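> build me a structure from this.
(one chain, ligands or ions: 1)
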Amino acid sequence: MTEQALPFGEKYYPAIKKLMEIRRRSLEDPISFWDEKARELIWFRYWDKVLDDSNPPFFKWFVGGVTNITVNALDKWMKTDVKNKVAYYWEGEPGDRRVISYADLYREVNRMAKVLREDLGVKPDDRVVIYMPMIPELPVALLATARIGGIHSVVFSGFSPKALADRIVDAKAKVLITADGYYRRGKVINLKRNADEGVRIAAEQGVEVEKVLVVRRGGLDLDVEMKEGRDFFYDELAKKIPDNVYVPPEPRKSEDVLFILYSSGTTGKPKGIMHSVGGYMVWVYWSFKWTWDPRPDDIMWTLADIGWITGHTYIVYAPLMHGMTNVMYEGAPDYPAPDRVWEMVERYRVTIFYTSPTAIRLFRKYGDEWVKKHDLSSIRLLGSVGEPINPDVWKWYYEVIGRGETPIVDTWWQTETGAAMIAPAPGIALVPLKPGSATFPLPGVDADVFNDRGEPAKPGEKGYIVIKKPWPGMLIGLWGDPQRYIRTYWQRFSKPDQGVWIYYPADYAVKDEDGYFWLLGRADEVLNVAGHRLGTTEIEDAILHHPAVAEAAVVGIPDPVKGEVPLAVVVLREGYRPSRELEEEIKKVVREVLSPIAVPARVLFVNKLPKTRSGKIMRRLIKAVATGAPLGDVSTLEDEASVEEIKRAWEEFKRAIEESERILRGEA
Ligand code: WT7
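Down below sits the predicted model:
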C-alpha cells in the first residue's frame, strides 16, 4: 500500500484537484449533474424526474423519459461522417476478415430487427436469448433486439447446454439466436448442437423456445440439424429483405429493461441482473468518456467476449455511442502463436487496448520476445478489468506493452454497475497512478470503504467497498426475484429506518493515506477465475451430478495465471473408491454441466467435510489446508464452533487430504 506514485510528471498532480472538484459537484447535487449529462444523448421525450427514490432500493432514473439506445449508437451517426467510419474490424481465428462501417452496421441491425419482429414474432419486453460466438452478427443481435424493444439475455458461447437451459427457463425466453459454429484453437465447435440440447432441457422444465434463429458463420459450412417450423437460417430470411429496410426504433421508457445478464452468486442459481434503458445508456456513455477520453481516430480493442458485461458495454454500447472504431476477434488470444494479439495491435494500429489481468499474466508468461517482435507504438491507453492486478503484472504491462509511457487504466466495476466505477479518468484529468490501485471513484460514484460495523474504515484498514448513492448505471433488480436483490446488495449496510441505502458489492477494499482505492477481491463465496465470476455452490451442484459423489465443497486457490482456480473436496458414496480416473470424470462432469472455466484444478477425496454444528462447510479451513497456509485467526471463523473444535477439525482434515493425495498417487 506504500507503493510510490509513478512519476508521470509534476503537471499531473493538479489533476487530482480537478477530478475532486467535478466529483464534489456531482455528489453535492446529483440531480442537476445528471440532468445536464443525460441531455447529451438523444431522447424521444425528456424525463419528468431525474431520480425517483420513493421506493428504495428500487431506484428509477430519468422517469418519464423515452428513448431507444440504438438511436444513440447508430441512427445519430447516419447524418455525419461517422456513417462511413469503421465500426468493427472483425477477424476470425483462421485469419478471415470483415470490415463493417457504421452504415453497414445500421443496415444489418435494421435487417435483423425486421426478421426478429416479423418472422420470429418478437414483441417489446419479450426475452431473446443470444448464444453466439464472437462474430459480427453478435453485436447486431444485441442491437436488433434493443431496437424493437426486446430484452436480450446473452449467454456466453462457452457455457454448457445445461447452463443455457437454466437461463432460458429463468427468463422464460421464447426466441433464441445462435450460430452453426465457430473456431477455437483451430477446431470447429458445433454450437448449434449445444443450443439444441439446451432448448431440449429447457422444454423438459416447461419452457418451450418457439423460434431459433441460426446465423451461419461465414466459411464454416457446418451441417447442422434444423427443426422444421422452429429453426431458421438467418441468411435465408434476411435475403428477402431489401437493403434499405428501416425498422423504427421502439420507444422505450427509461425504466424499461434493456437487458438481463446472468451472473453467479453465492447460491447455486445464477442471478438475472437487469439493466435499464435510460440509466444504463447515460451511465455507460459518461463512464466511457471519462475513462477512455475517446478521440475520433481511436482504434479500440477490448479483448473480452460479448457474453460478459465487459463486452456488452465496451465492445457494443459505449464505443458505438461514441462513434469509435473497434477491433473484434473470434478466437483464442494465443492462437496460432503467442503473439497473435500483438500482431493484430500492430496491424490495426490499436490505440486503446483493454483486457483482464489473466490475459496479461498469460502474455507475460510467454515472454517479452513475442511482444518485442511488434510495433505497439500506436497504443496510448492500456486498460485492465475483472480482477485485482498485481503490482508486478501492472509494471510488466506498463513497461513491456506500454513502453513505459502509457497510463494503465485499472477499472473496478461489476456486471451490476454497468460500467467502470473506480478508475483513472484521463477524460477528465489523469491522476498519478499507483500500480495495483484503480485510483479514485468517477463522478457520480459515492464510494467508500466500510469496516465490519458499517463505519468508514481508517486509511490503510481493510474493509468492504460500498456505494452510498444510487447512480444511473446501477442494476434495477434481479429478474423475477426482488427479495434476492434486496438481500444480496442492500441488506449488509443499509439502515432502512433511517432512510440510508448502501449498495454492497461484496469486494474487499482499502483506501490508502492519499485516498486511493485498492480493490482486493471478493468478500463472499464467489470465485474469480480468469476474470469470471463463479459461485462455489454452483460448481458444487455441478459436481453432484456425478453419481459417485455424495458431498462436495469447492474453494478457490491461487493460480499464477488465472488468479484463482477452483479446488474440489469430495465425499464419495458407499461403494466408490477414490482414483485418478474418478477425478478426471468429475472434472468432465463440471465441464459438461457448467463450463470449462469452472473445472476444478484438483479433486481431493475425503470421508467427511469439516463443518460447523449447523452444517455449514468451513471453507476457510479447507482453503488453509489446501494451500498449506496457517489457519490464522480462528476466532472469527465460525461463530458457533469453539477454537478447539476448529483446530481438531483442521488436523483431521489435513490428515484426510494427505491420505487422499497418497491414494491418488497410488501409494495406498
Ligand atoms: C467482480 C465483478 C467488471 C467486468 C468484468 C467482471 C472483480 C472487477 C476489478 C478491478 C479488482 C475487480 C471484483 C468485482 N473486479 N474489476 N479492476 N480490480 N477487482 O465482472 O463478473 O461482474 O465481476 O470482479 O471482485 O466484484 P463481474
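
> need phi/psi at N326.
Backbone geometry at N326, expressed as degrees, to the nearest 10, gives phi -120, psi 150.

> for it, report the pLDDT, please.
pLDDT recorded at N326 is 98.

> would you confirm that it contacts A87?
Yes: using C-beta atoms under 8 Å, N326 makes contact with A87 at a distance of 6.7 Å. From N, CA and C alone the C-beta is placed, and that goes for glycine too.

> can you give me the strands in the stretch 551-668 of the chain?
All strands of the stretch 551-668 of the chain, identified by DSSP state E, counting those that start in this stretch, fall at 563-572, 602-606.

> any chance of these in TSV, plus distance to the ligand, mean neighbour count and mean pLDDT?
What follows is the strands of the stretch 551-668 of the chain, written out as TSV (distance: least, C-beta to the nearest ligand atom, whole Å; neighbours: other C-beta atoms under 10 Å; pLDDT from 0 to 100):
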stretch	distance to the ligand	mean neighbour count	mean pLDDT
strand 563-572	9	23	93
strand 602-606	23	22	90
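
> just send those back as a markdown table, with distance to P443 too.
A markdown table is the format used below for these (distance: least, C-beta to C-beta, whole Å):
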| stretch | distance to P443 |
| --- | --- |
| strand 563-572 | 29 |
| strand 602-606 | 45 |
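
> what about the stretch 551-668 of the chain, any weak spots by pLDDT?
The stretch 551-668 of the chain contains residues with pLDDT under 70 at 613-614, 632-643, 645-646, 668.

> got the residues of it near the ligand?
Residues of the stretch 551-668 of the chain lying near the ligand by C-beta under 6 Å from any ligand atom: none.

> contacting residues around the nearest residue to G404 once chain neighbours are set aside?
Spatial nearest neighbour of G404, chain neighbours left out: Y398 (6.5 Å); criterion: C-beta to C-beta, 6 or more residues apart in numbering. The contact partners of Y398, taken as C-beta atoms under 8 Å, 6 or more residues apart in numbering, are L6, L382, G404, T406, I408, P435.

> cool, H545 as well?
V589, V593 are the contacts of H545 under C-beta under 8 Å, 6+ apart.

> helix/strand/coil for it?
Secondary structure for H545, judged by DSSP: H, G, I helix; E, B strand; the rest coil, is coil.

> now it: how far from P407?
In this view, H545 and P407 are 46 Å apart by C-beta to C-beta, to the nearest Å.

> now swap in P251 and tell me
As judged by C-beta to C-beta, P251 and P407 stand 40 Å apart.

> repeat for V571
According to C-beta to C-beta, V571 and P407 sit 50 Å apart.

> kindly report the same for Q483.
For Q483, the distance to P407 - C-beta to C-beta - is 42 Å.

> compare the two and say which is more crowded by neighbours.
Each of Q483 and P407 has its neighbours counted (other C-beta atoms under 10 Å); P407 has more, 20 against 8.

> just checking, the more buried one touches P426?
Yes: P407 is within contact range of P426, at 6.2 Å (criterion: C-beta under 8 Å).

> shared neighbours of those two, anything?
Contact criterion C-beta under 8 Å, 6+ apart; residues shared by P407 and P426: L381.

> give the contact list for L475.
By C-beta under 8 Å, 6+ apart, L475 lies in contact with I273, M274, H275, T415, E416, T417, G418, Y485, Y489.

> quick one: which two of those are the most distant?
Of all pairs drawn from these, the greatest distance, 15.2 Å, lies between G418 and Y485 (C-beta to C-beta).

> so for those two, which residue has more residues nearby?
Between G418 and Y485, G418 has the larger neighbour count (other C-beta under 10 Å), namely 29 against 21.

> ok, and the closest non-adjacent residue to that one?
G473 (3.1 Å).

> neighbours around that neighbour, how many?
Neighbours of G473 (other C-beta under 10 Å): 27.

> give the buried residues for stretch 494-513.
For stretch 494-513, the neighbour count (16 or more other C-beta atoms under 10 Å) marks S494, W501, I502, Y503, Y504, P505, A506, D507, Y508, A509, V510, K511 as buried.

> report the next helix or strand after the helix or strand hosting R111 in sequence order.
Taking DSSP states H and E as the criterion, R111 maps to helix 102-114. Downstream of helix 102-114, the next assigned helix or strand under DSSP H and E is strand 127-131.

> and the pLDDT at G535?
In this model, G535 is scored at 88, pLDDT.

> just list whatever residues bridge to it.
V526 (DSSP bridges).

> check whether it really touches T267, as I assumed.
Yes: taking contacts as C-beta under 8 Å, G535 lies within contact range of T267: 6.9 Å.

> which one's more surrounded, the two?
G535 (23 against 15).

> what residues are up against the more buried one?
The contact partners of G535, taken as C-beta under 8 Å, 6+ apart, are S264, G265, T266, T267, G268, P270, E525, V526, L527.

> so which of those residues is the closest to V71?
Looking across the contacts of G535 and measuring by C-beta to C-beta, the closest to V71 is P270, at 31.1 Å.

> quick one, what contacts that closest one?
Counted by C-beta under 8 Å, 6+ apart, P270 has contacts A163, D166, R167, D170, Y262, S263, S264, G535, E538.

> now tell me which helix or strand of this protein has the poorest mean pLDDT.
Across the helices and strands of the chain, mean pLDDT, DSSP states H and E gives its lowest value to helix 643-664, namely a mean of 79.

> residue ranges in the stretch 1-150 of the chain under the pLDDT threshold?
Those would be 1-12, if you go by pLDDT under 70 across the stretch 1-150 of the chain.

> show me where it has its strands.
Assigned by DSSP E, counting those that start in this stretch, the stretch 1-150 of the chain shows strands spanning 49-52, 60-63, 66-67, 86-91, 97-101, 127-131.

> and the angle from the longest one to strand 97-101?
Read that as strand 86-91. Angle, strand 86-91 to strand 97-101, by axes from the mean of the first three to the mean of the last three C-alpha atoms, to 10 degrees: 170 degrees.

> okay, now the sheet partners of strand 86-91, with direction.
Sheet pairing here is set by DSSP bridges, and for strand 86-91 it gives strand 97-101 (antiparallel), strand 325-329 (parallel).

> buried set for the first one?
Put plainly, it is strand 97-101. Neighbour counts over strand 97-101 (16+ other C-beta under 10 Å) mark I100, S101 as buried.

> give me every residue in the stretch 251-400 of the chain lying close to the ligand.
S263, W308, I309, T310, V385, G386, E387, P388.

> nearest to A113, of these?
I309 (22.9 Å).

> okay, now the nearest residue to the closest one once chain neighbours are set aside: neighbour count?
Among residues not flanking I309 along the chain, T415 sits closest, at 4.2 Å (C-beta to C-beta, 6+ apart). T415 is flanked by 19 other residues according to other C-beta under 10 Å.

> shaky segments in the stretch 301-450 of the chain?
Low-confidence segments of the stretch 301-450 of the chain (pLDDT under 70): none present.

> now do the helices in it.
Counting by DSSP state H, counting those that start in this stretch, the stretch 301-450 of the chain has helices at residues 309-311, 318-321, 340-348, 357-366, 368-372, 391-396.

> and R216, its phi and psi?
phi -90, psi 120.

> which residues touch it?
Neighbouring residues of R216 by C-beta under 8 Å, 6+ apart: A179, D180, L222, F233, Y234, D235.

> next, format those as CSV and append secondary structure.
Output for these, formatted as CSV (three-state DSSP):
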residue, secondary structure
A179, strand
D180, coil
L222, coil
F233, strand
Y234, helix
D235, helix
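
> for ChimeraX, write a command that selects the buried ones of the residues you listed.
To isolate the buried members of the contacts of R216 in ChimeraX, using 16+ other C-beta under 10 Å:
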select :179,180,222,234
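
> list the buried residues in stretch 389-402.
For stretch 389-402, the neighbour count (16+ other C-beta under 10 Å) marks I389, N390, V393, W394, K395, W396, Y397, Y398, V400, I401, G402 as buried.

> might one say that the last one is in contact with S378?
No: G402 is beyond contact range of S378, at 11.7 Å (criterion: C-beta under 8 Å).
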